[in-house]
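> Sequence and computational prediction follow.
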Amino acid sequence: MSDMKKKVLFVCTHNSARSQMAEAFLNSSYGDRYEASSAGTEPTGINPRVVEAMKEIGFDLSRNRSKSVDEFMDQRINLVVTLCDDARETCPFFPGGLKRDHQGFKDPGACSGSDEEILVCVRRIRDEIGDWVRRYFR
């Protein structure tokens, strides 16, 4: 059945936050039609605040890992979506990428302030990404 699903790759710089959240939202909301993955142009590690914010709404990202876009170069991807301006500029050409789109979101890693203020900021970005995924892919 997975051959019937459209493959979507979400890309941001570090594959630590935005692309991880978008992947989780798409697979959860529309996993019957889409197979989402995520990657980074410079993968680092998952942002612990993102793990915490996603856990609050029932997503466990604690076992996820940051992946490089290089891991997806030989795959046929129906849609490549960049989620930050840096990735849009540095994202390589995907030979198997049929369509490309961009939707920028603030970097949760740039949230500042007290622990609670940072979490509030990450939650806001999380909710924006979730809302966008549900509207874009419905």
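The structure has been received and is ready for your questions.
> Going by C-alpha atoms from here, please, whenever you check contacts or count neighbours.
Will do.
> which residues does residue 137 contact?
26, 30 (C-alpha atoms under 8 Å, 6 or more residues apart in numbering).
> cool, residue 81 as well?
Contacts for residue 81 (C-alpha under 8 Å, 6+ apart) come out as 8-11, 100-103.
> redo that, cut-off 10 Å
Contact partners of residue 81, counting by C-alpha atoms under 10 Å, 6 or more residues apart in numbering, are 8-12, 19, 22, 38, 87-88, 91, 99-104.
> spatially speaking, which residue is in the middle of the chain?
residue 19 (1.4 Å; C-alpha atoms, centre = their mean).
> got a pLDDT number for that residue?
Residue 19 is assigned 96 on the pLDDT scale.
> doesn't residue 37 make contact with it?
Yes: using C-alpha atoms under 10 Å, residue 19 is in contact with residue 37, at 8.3 Å.
> Among the contacts of residue 81, which lie within strands?
Taking DSSP state E, the ones among the contacts of residue 81 that sit in strands are 8-12, 38, 99-102.
> Compare these and tell me which has the most neighbours.
residue 12 (31 neighbours; other C-alpha atoms under 10 Å).
> looking at the sheet around it, what are its partners?
residue 40 (DSSP bridges).
> if we can go back for a sec, would you list the ones in strands among the contacts of residue 81 in a markdown table and tack on distance to residue 28?
Listed next are the ones in strands among the contacts of residue 81 as a markdown table, based on distance: C-alpha to C-alpha, whole Å:
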| residue | distance to residue 28 |
| --- | --- |
| 8 | 13 |
| 9 | 15 |
| 10 | 15 |
| 11 | 18 |
| 12 | 20 |
| 38 | 14 |
| 99 | 22 |
| 100 | 22 |
| 101 | 21 |
| 102 | 21 |
